[in-house]
Each structure stands twice: as C-alpha cells, then as structure tokens.
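Asks: can't give you the sequence, but here's the structure:
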C-alpha cells in the first residue's frame, strides 16, 4: 500500500474516531447511549442494504438543505432519536458523509468497549439452530469473560464445524481446518 493511501485511510479512521466519540459523549450526557446505539445499528443495516445510500449524500450537486431534509425524513421513518439525528446533521454540515459508515462502525466499537462486549465472528457450513446458538454464546461468554455479540457467516467450504474469530484470535474447529492440519502432518510439517 502506498504511503499516501495509508495516510488517507489513517486520516479517515481518525475522523471516524473523533465523530463517534463526540456522538457517544453527547448521547451519554443525555442518558441516551442505548437508544443511540440501537439507532446506529439501524443505520448500519440501512447502509448495508442500500449500497448507494452514502453516494446520495456525498453528491456535491445535492444541496445541504436538501440533504438535511432527507435525513430528517429518514430519521422519522426509522424512528431515529433526536440525538442521532443531531449527529447526522453535524456530519452533513461538515461534509463527512464519505466517512459515514466508518463513523457508525467506530461508534459500535466504542460502545462495545465501554460496555465490556466482545464482537465475535463465527463461520459455519450451515445455519446454527437456536439451541446451538444459545450454547455457543454461553460458552464464548464464559471463555472470554465478557458479553458477546456474534456475527454469523455461512461458509460451505468449511464442510462442518466452526471457525471462530475474536480480537486477533482464531479457533478453527472446522472439518476443512482439521483436514488441512492432517495434510500438513502427513507431509512431515508441524
């Protein structure tokens, strides 16, 4: 990665961090952190569902008043709190929609950090049942000593079992992982 691209990425990450912290502190001051967190998750869902959402708001031909009016309408339809709408307006005022998704994600990470929550990614070959999900969450919370939020990813290449990622750790108990380890051992590797 070129130095210029790395600096741009670091700059966007820093901007996202600053805005997410300001939003968190504003929500905390109004005792609305849980509500704003729920709003942020709703907005992240919207951004994931509509890939062009951010493009609309970064369009320079669309005026600031129109953008803020659209934000107000979206907030009303999604039942977004006034605290979150205020932050969206600040993002619009400052032309920070290119960092919008990063700001939302940074807020979620900050919320998890302050509430002792670990985000865990679980890959499986097929969807887990409700009982399996409940047991997995219980085991992970006991192992990590934190409440966990699990993001499931279906990965048929695993053949069976699970691959669990949290922080910089990975537990690979998938059939494909076991087969790969067996192949390495049979070739004389470690």
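Replies: Cool, the structure landed. As the structure is a prediction and not an experimental result, all values here were calculated from the model.

Asks: you'd agree residue 84 is in a strand?
Replies: No - assignment of residue 84 by DSSP: H, G, I helix; E, B strand; the rest coil gives helix, placing it outside any strand.

Asks: how about it, nearest residue that isn't a chain neighbour?
Replies: Using CB to CB, 6 or more residues apart in numbering and skipping the chain neighbours, the partner closest in space to residue 84 is residue 39 (4.0 Å). Backbone N, C-alpha and C define where each C-beta goes, glycine included.

Asks: now do the SS call for the one you found.
Replies: Reducing the assignment to helix, strand or coil with three-state DSSP, the entry for residue 39 is helix.

Asks: going forward can the numbers begin at 8, since that is how I track them
Replies: Got it, the first residue is 8 from now on, which makes the last one we talked about residue 46.

Asks: would you mind measuring from it to residue 137?
Replies: When CB to CB, to the nearest Å is applied, the distance between residue 46 and residue 137 equals 27 Å.

Asks: between the two, who's got more neighbours?
Replies: Looking at residue 46 and residue 137 with other CB atoms under 10 Å, you find the greater number of neighbours at residue 46, namely 25 against 7.

Asks: give me the neighbour count for residue 108.
Replies: With other CB under 10 Å as criterion, residue 108 counts 16.

Asks: what do you get for residue 120?
Replies: Burial measure for residue 120: 11 neighbouring residues, criterion other CB under 10 Å.

Asks: in which helix or strand does it reside?
Replies: When secondary structure is defined by DSSP states H and E, residue 120 falls within helix 107-121.

Asks: buried set for the lengthiest helix in the chain?
Replies: Ranked by residue count under DSSP state H, the longest helix found in the chain is helix 10-36. Neighbour counts over helix 10-36 (16 or more other CB atoms under 10 Å) mark 22, 23, 24, 26, 27, 30, 31, 33, 34 as buried.

Asks: same check on stretch 39-46?
Replies: For stretch 39-46, a neighbour-count test (16+ other CB under 10 Å) marks 39, 40, 42, 43, 44, 46 as buried.

Asks: then stretch 60-76?
Replies: 60, 64, 74.

Asks: mind putting those into CSV with pLDDT?
Replies: Compiled in CSV, the buried residues of stretch 60-76 are given as follows (pLDDT from 0 to 100):
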residue, pLDDT
60, 89
64, 91
74, 92
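
Asks: so which of these is the closest to residue 156?
Replies: Of all those, residue 60 has the smallest distance to residue 156: 23.0 Å, by CB to CB.
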